[in-house]
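>>> Starting from these lines, generate the structure:
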Amino acid sequence: MDNIRKVTPYTPGEQPQRKVIKLNTNESPYPPSPQVVEAIRGIKASKLRLYPDPDCRELREALAEEYGLELEQVFVGVGSDDVLSMCFLTYFAGKKPILFNDITYSFYEVWADVYRIPFETVPLREDFSFDPAGFMKENGGIVLCNPNAPTSLEGDMADIEKVVAENQDSVVIIDEAYVDFGGRTALPLLKKYPNVVIVRTMSKSRALAGLRVGYAFGSKELIKALHDVKFSVNSYTLNMPALAAGVAAANDREYFEETVDRVLVTREKTKEALRGFGFTVLESRTNFLFAKPPEGTSAESLFEKLKEKDIYVRFFNKPRLSDYLRITVGTDAEMEQFIKVLQDVL
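You can find the predicted model right below:
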């Protein structure tokens, strides 16, 4: 039928429903904070007959306090995917094309397509580094993933600021899903530029992928516009368990820093082990590694061989990416087993 919208959907990483070493979807290898567990247990079942707080006030207050912002500068949604989707719907309503990199989070293109937003991609440099020059032209908005996925690289903050400063008639969304793993945040730009929106998630560094808690920071005006669209689509986005867990996770800074540090130590050990096998491994500021197998070894065939051994990594059958594998950092035990199996199959 002619009236049905047709789009090519985003393809998530495989979610095997049996016990495997799962290094393909950038989840945390550790459980959430014990405070999160207690907060969920503390919810009275009788309250589930009620709608959750549509303003998500307690969670927004916790995030505002943690990051030194005002309540009106904070928006929350069902994971950063929901937040980003609302951002596309809210900020990119013009006729000029929006801009994002050619190699980045592939959902950007999907949202642009489903919302009928014109877009153009800006090439990364040959070494996958960020080049601000391609963003210095007329546009209807900009989206930057920093640190970038799937390359794991971080763009220079001076280059990020240059893009923001030169495009003050457009909203610049900075997707910081992975910033907690050693990246530099663009939060200071909020005090200098009214056109910046920063999007984050609790799925990675706070281990809440299963509850879907995302959030955004921006000027009061931009966040109000985001709320206006949200309340025009769905007033009750986050459910009670997610709200309670989000508050607890935001409040437990000590556990957050401890688990992130563990991931960083394991990441560096794994990076060196891979380089010892002859892999080319990019300098990661994320909770994953982007690695090119040794010369003569196909990334796709290695992906399949690892899968046969119940080790799942991510392979992208796309130009410029098909020579690489994206490998999530798991626990020390998982990564040691991964390295052992890798040694056997190479």
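>>> Verify the contact between residue 291 and residue 327 for me.
Yes. Under the criterion of CB atoms under 8 Å, residue 291 makes contact with residue 327 at 6.0 Å. To be clear about C-beta, it is placed using only N, CA and C from the backbone, and glycine gets the same treatment.
>>> residues shared between the contacts of these two?
Residues within reach of residue 291 and of residue 327 at once, by CB atoms under 8 Å, 6 or more residues apart in numbering, are residue 274.
>>> for the longest helix seen in the chain, packing partners?
The longest helix of the chain (DSSP state H) is helix 253-276. Counting by 3 or more CB pairs under 8 Å, 6 or more residues apart in numbering; DSSP states H and E, the packing neighbours recorded for helix 253-276 are strand 280-281, strand 288-292, helix 332-345.
>>> Specify the angle between it and helix 332-345 in degrees.
Here helix 253-276 runs at 10 degrees with respect to helix 332-345, directions being taken by axes from the mean of the first three to the mean of the last three CA atoms, to 10 degrees.
>>> list the contacts for residue 74?
Contact partners of residue 74, counting by CB under 8 Å, 6+ apart, are 60, 63-64, 215-217, 223.
>>> which among these gets closest to residue 253?
Of all the contacts of residue 74, residue 63 has the smallest distance to residue 253: 12.2 Å, by CB to CB.
>>> Find the nearest non-adjacent residue to that closest one, please.
residue 74 (5.1 Å; CB to CB, 6 or more residues apart in numbering).
>>> partner residues bridging that neighbour?
Beta-bridge pairing for residue 74 (DSSP bridges): residue 217.
>>> how much space between it and residue 61?
Separation of residue 74 from residue 61 (CB to CB, to the nearest Å) stands at 8 Å.
>>> Just the ones of the contacts of residue 74 in strands?
Judged by DSSP state E, those include 215-217 as members of strands.
>>> Most neighbours among these, which one is it?
residue 216 (26 neighbours; other CB atoms under 10 Å).
>>> could you redo the contacts of residue 74 as JSON lines and give each row distance to residue 151?
Below are the contacts of residue 74 laid out as JSON lines (distance: CB to CB, whole Å):
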{"residue": "60", "distance to residue 151": "32"}
{"residue": "63", "distance to residue 151": "28"}
{"residue": "64", "distance to residue 151": "31"}
{"residue": "215", "distance to residue 151": "24"}
{"residue": "216", "distance to residue 151": "23"}
{"residue": "217", "distance to residue 151": "24"}
{"residue": "223", "distance to residue 151": "29"}
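>>> Closest one of these to residue 158?
Among the contacts of residue 74, and counting by CB to CB, the member closest to residue 158 is residue 217, at 20.4 Å.
>>> any idea how far that closest one is from residue 23?
30 Å.
>>> what's the answer for residue 87, then?
29 Å.
>>> beta partners of the closest residue to residue 176 other than its chain neighbours?
Excluding its sequence neighbours, the residue lying closest to residue 176 (CB to CB, 6+ apart) is residue 200, at 5.1 Å. Beta-bridge partners recorded for residue 200 (DSSP bridges): residue 215.
>>> And the pLDDT at residue 200?
As predicted, residue 200 sits at a pLDDT of 98.
>>> ok, now how distant is it from residue 58?
18 Å.
>>> ok, now residue 250?
With CB to CB as the criterion, residue 250 and residue 58 are 10 Å apart.
>>> Residue 316 too?
39 Å.
>>> closest one to residue 183 among the helices and strands packed on helix 253-276?
That would be strand 288-292 among these, by CB to CB, at 12.7 Å.
>>> Packing partners of the helix or strand just after that closest one?
With elements assigned by DSSP states H and E, the helix or strand that comes after strand 288-292 is helix 299-308. Packing partners of helix 299-308 (3+ CB pairs under 8 Å, 6+ apart): strand 314-315, strand 325-328, helix 332-345.
>>> most packed of those?
Ranked by mean neighbour count, the helices and strands packed on helix 299-308 are led by strand 325-328 with a mean of 27 (mean count of other CB atoms under 10 Å).
>>> starting at the chain centroid, how far to it?
15 Å (CA atoms, centre = their mean, to the nearest Å).
>>> got the contact list for it?
22-27, 29, 150, 152, 270, 274, 287-293, 299, 302-303, 313-316, 338.
>>> Do you have the strands of the stretch 51-200 of the chain handy? List them.
74-77, 98-101, 119-122, 142-145, 172-175, 196-201 (DSSP state E, counting those that start in this stretch).
>>> deepest of these, which one?
Of all those, strand 172-175 has the most neighbours on average by mean count of other CB under 10 Å, namely a mean of 28.
>>> could you give the mean pLDDT of that one?
Rounded mean pLDDT across strand 172-175 is 98.
>>> That one pairs with which strands, parallel or anti?
strand 142-145 (parallel), strand 196-201 (parallel).
>>> Off-centre distance for that strand?
Distance, centroid of strand 172-175 to centroid of chain: 11 Å (CA atoms, centre = their mean).
>>> Equivalent analysis for stretch 269-283, please.
For stretch 269-283, the distance to the chain centre is 23 Å (CA atoms, centre = their mean).
>>> Give the buried residues for that stretch.
270-271, 273-274, 279, 281-282 (16 or more other CB atoms under 10 Å).
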